[in-house]
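Visitor: Here's a sequence, model it:
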Amino acid sequence: MDDVIDRILDGVKTVALVGLSDKPYRPSNDVARYLRERGYRVIPVNPTIPTALGEKSYGSLAEIPMEVDLVDVFRKSEAVPAIAEEAIRIGVRSFWMQEGVVNEEARSMLAEAGILVVMDRCVKKELAKRGRPSYQPVVPRREGHFSRGTASARHGGGATGRKGRKRWPEA
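Guide: The predicted structure follows:
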């Protein structure tokens, strides 16, 4: 299973998160925020909400207007076969069922279509376990420049300064 997870994580940049909640205390929201903070594009798929994490929420995978690398499912196990069928129709490369989501019928269907499948695992935990923090390019820093506010207490508010104005390092 670890080799399949590695193969999936090696090529993922865009994640359609099916069942993403707009409630910040829900596990789906936590995982989505974790992915976004590490540079992944997260596309909410939930017909009951208009937006999540500042992104438009789509009612189904078929409505997403861009290519999706990974479908990550936060739904009940019995709902997964219909989601898997839709994932096959849109030509997704990999499919992930979060912890507690298990459906052998969907797994078989996806495997027959040549789609990599992970079942009953948490993508956030797997990324953390593998030390894969980001797909964002590394931007070279100048001496004295602190990105992500790492030295904000010592240097007057990090990259934005005290009054929210952008502050650039001196050349």
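Visitor: Quick check: the residue nearest to residue 55 when sequence neighbours are not counted vs residue 31, distance?
Guide: Closest residue in space to residue 55, ignoring its immediate chain neighbours: residue 44 at 5.5 Å, by CB to CB, 6 or more residues apart in numbering. Using the backbone N, CA and C atoms, a C-beta is placed for each residue, glycine as well. The spacing between residue 44 and residue 31, counted by CB to CB, to the nearest Å, is 12 Å.
Visitor: out of the two, which sits in the busier spot?
Guide: residue 44 (25 against 22; other CB atoms under 10 Å).
Visitor: which residues of this protein fall in helices?
Guide: Here the chain has its helices, by DSSP state H, at 2-11, 27-37, 80-90, 104-112, 123-130.
Visitor: okay if I get the ones you listed as JSON lines plus mean pLDDT and distance to residue 50?
Guide: Shown next, in JSON lines, are the helices of the chain (pLDDT from 0 to 100; distance: least, CB to CB, whole Å):
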{"stretch": "helix 2-11", "mean pLDDT": "89", "distance to residue 50": "29"}
{"stretch": "helix 27-37", "mean pLDDT": "94", "distance to residue 50": "15"}
{"stretch": "helix 80-90", "mean pLDDT": "97", "distance to residue 50": "20"}
{"stretch": "helix 104-112", "mean pLDDT": "97", "distance to residue 50": "28"}
{"stretch": "helix 123-130", "mean pLDDT": "91", "distance to residue 50": "24"}
